[in-house]
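> What would the 3D arrangement of this be:
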Amino acid sequence: MTKKLLMGNEAFAHAALEAGVRVVAGYPGTPSSEVTETVAKLHASGAAQGIHVEWSTNEKSALELLAGASYCGARTLFTCKQVGLNVASDPLMSLNYVGVKGGTVLFVADDPGPISSQTEQDTRRFGNFAKVPVLDPATPDQGFDMMKAAFELSERYKTPVIVRPTTRVCHASTFFDVAEETHAKPIPEEGFERGPRWVIFPKRAFEGHGEINERLRAIAVNYSTNPVLSAFNPVDERRVAGQLTRHGIVAGGVSAAYALEALRLLEERASERGVQLPAYRFWQVGTPFPFPERTCAGFTKGLADVLVLEELDHVLEDELLAFAGRTHAEYNTHGKLTGEARDRGENDVDDILVRLAVYLGVPELAEAEDAATYDNADPEQPLPVRPPVLCPGCPHRGSFYAVKRALGKTPAVFCGDIGCYTLGNAMPLDAVDTCLCMGAGITMAQGFSVVEPQKKALAFVGDSTFFASGLPGIVNAVYNGHDFTLCVLDNATTAMTGSQPHPGTGVTLMGERRKPVSIEAVLRAVGFERIVHADPLNLQQSIDAAREAIGFEGPSAIMFESPCVQLFKPAAPVVLDAQRCTGCKKCITEIGCPGIGFDIDVRGPKSGERGQAFIDAGQCNGCGLCTQVCPFGCISVVDAASAASEKKEA
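A predicted model of the protein is given here:
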């Protein structure tokens, strides 16, 4: 064993490998991506033996692949973020009825906030809906142990098991003792055994449903009695002489860590100020589904009130209310439903401290005496608003701008998708009108074209999303003859989630390089008759290509091809001639690149009192788009040949 400082996701990967996982598959999505990437790195270094790891084309494909591997007896790990489970829900619902052979763990990372997601959906709810056991770690350390326990639980009961960390657990770092080398658990000698249990006919589904209900009852008991599993549901009590314990506090996931820290601070303040805290009982629920009722019965005995702290939905609160109803318990439940806990977003120590102080009857301890809080701080100047923007030099900026220039005043609707390019909705580009879920832009544009044919319908999709969930939509367009234009923003990577490879790159996590899957070939194969290409950093070429594609009646496509700025070394910054700048701001108001600023105090022969634009050399990567936008030729590329050569090499 060796001690390493690891991010939570890295630690979870090590835990899965130490548990003998053999096949790992998923689709990248923050905050889950590092798990699969860590497995791939350890495989590449030789530290993880007997492993197959891959980024699948989407979550559904990944889980179905893992189902096959599990039927052979291999331990398997699936990774995604919370919305990715929606894509995998079709195989998951049936997989639970069929059951598994090799331990099958679904690592599904939730994103309270949300910080980088479309929704705040709670995977604990999904586990309940799919009747799949859920483990909910409060810390990376606990998640490490849960990952190992999940494989054992899965194999014992032949069920998939969900491990559901949230963003702060995934991305927190601490020290772990990890194995220097791991080996996948051997496949049973018999491998896959043919039999009726693997075919989901109605009779098998009926039998499987009974098996599910039976094992969930058994697992709920195990959560309370099994030494390994019950350790994830610790109960602690603060006793006060002469007092009955009437206050209970229940917390799940990272909220348990916040609550414990808040209670520590309250204890500290109470001691300093001579205030007596009442007796209370604390319970961390690390196994939210099936709910560990035996532990709940012991915890709630004698309590008058229970405060529930959790992210995101009121899952534990519902369970406590249901348990109270069934057992005619006398405690009152407080939480999201009563307005005594945050009903969305992330929890934090400061907020929980205030709520606990009020709940425990010591509100005076909520205010610190030695420092201003964030809420009452009064900065001399308001903090600047810093909305997310496309990177300086991002090729997507040129794609959006060219399409709008090509359209002119022609009415149009712009259907966006999930990726960096969703930021095309911001001013001044203002080129994304809708964004629903991965791949939806392609089919939504077809809906617009049917109902509002007087408008041009355009769909923007990235190269990775095209393969993940765009294929059914493009087939639908050809089959039903929809008049729309597909704009493929091909930057040669899955940029938003950390530059992972995809089928169009030909790179795999196993280190093999295969022939890239051609998006154009796919489009032609399904029946697209007009496909044009353009470099989005070549403005006139892009405008001409967009006009040609948009003018075609029926499904058409524009392939905007230029690598992500993270994939190549920046060229020299462009140069602005202060003697020629008129201060018109068109370079800023047309494309909104962060590499261009404006100084209202600068004076020049052409700008007069208006001020002038300037190039931020620390951000500009020399893409040259602004040189084509400036109407007065004030901006120029230092060495165009060198910049083109560097980009080509990338």
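> Surely F126 forms part of a strand?
No - F126 is assigned helix when assessed by DSSP: H, G, I helix; E, B strand; the rest coil, not a strand.
> Just want to check the distance between it and N86.
In this view, F126 and N86 are 8 Å apart by Cβ to Cβ, to the nearest Å. Where you see a C-beta, it was placed from the backbone N, CA and C, and this is true even at glycine.
> Can you pick out the residue with more neighbours from the two?
Between F126 and N86, counting by other Cβ atoms under 10 Å, F126 is the more crowded of the two (22 against 17).
> How much space separates that one from V315?
The spacing between F126 and V315, counted by Cβ to Cβ, is 11 Å.
> E37: what's it in contact with?
By Cβ atoms under 8 Å, 6 or more residues apart in numbering, the contact set of E37 is G498, Q500, L509.
> On the three-state scheme, the first one is what?
Pointing back at G498 there. Judged by three-state DSSP, the three-state class of G498 is coil.
> got the contact list for it?
Going by Cβ under 8 Å, 6+ apart, G498 touches P28, T30, S33, E37.
> From the opening residue of stretch 391-399 to its closing one, how far?
End-to-end distance of stretch 391-399 (Cα to Cα, to the nearest Å): 14 Å.
> likewise stretch 505-525?
Criterion Cα to Cα; first-to-last residue distance in stretch 505-525 is 19 Å.
> Quick one: mean pLDDT over it.
For stretch 505-525, the mean pLDDT works out to 90.
> shift numbering so it begins at 311
Renumbered: residue one is now 311, and that last one reads stretch 815-835.
> Buried residues, that stretch. List them.
By 16 or more other Cβ atoms under 10 Å, the buried positions in stretch 815-835 come out as T815, V817, L819, P826, V827, I829, V832, L833.
> Now do D688, the pLDDT please.
What the model reports as pLDDT for D688 is 60.
> Just to be sure, which of the buried residues of stretch 815-835 are found in helices?
Counting by DSSP state H, these place I829, V832, L833 in helices.
> my guess is T804 meets G814, correct?
No - the pair T804 / G814 is not scored as a contact, 9.8 Å apart, by Cβ atoms under 8 Å.
> Give the residues shared as contacts by these two.
Shared contacts of T804 and G814, defined by Cβ under 8 Å, 6+ apart, are found at S774.
> ranges for the helices of the stretch 811-960 of the chain?
Per DSSP state H, counting those that start in this stretch, the stretch 811-960 of the chain carries helices over the ranges 829-836, 849-860, 896-901, 935-939, 950-959.
> again, but for the stretch 461-610 of the chain
For the stretch 461-610 of the chain, the helices defined by DSSP H, counting those that start in this stretch occupy 477-481, 512-535, 537-540, 564-583, 603-610.
> could you dump those helices to JSON lines with distance to Q764 and mean pLDDT?
JSON lines is the format used below for the helices of the stretch 461-610 of the chain (distance: least, Cβ to Cβ, whole Å; pLDDT from 0 to 100):
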{"stretch": "helix 477-481", "distance to Q764": "44", "mean pLDDT": "95"}
{"stretch": "helix 512-535", "distance to Q764": "48", "mean pLDDT": "93"}
{"stretch": "helix 537-540", "distance to Q764": "61", "mean pLDDT": "96"}
{"stretch": "helix 564-583", "distance to Q764": "51", "mean pLDDT": "94"}
{"stretch": "helix 603-610", "distance to Q764": "60", "mean pLDDT": "96"}
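> just these: most buried one?
Of all the helices of the stretch 461-610 of the chain, helix 477-481 has the most neighbours on average by mean count of other Cβ atoms under 10 Å, namely a mean of 23.
> Could you name the helices and strands sitting against that one?
Packing partners of helix 477-481 (3 or more Cβ pairs under 8 Å, 6 or more residues apart in numbering; DSSP states H and E): helix 318-328.
> so where's the stretch 561-710 of the chain uncertain?
Counting by pLDDT under 70, the stretch 561-710 of the chain has low-confidence residues at 678-689.
> Repeat the analysis, applying 90 as the threshold.
582, 584-586, 622, 640, 675-699 (pLDDT under 90).
> for the stretch 361-510 of the chain, same thing?
Within the stretch 361-510 of the chain, the stretches with pLDDT under 90 are 367, 423-430, 501, 503-510.
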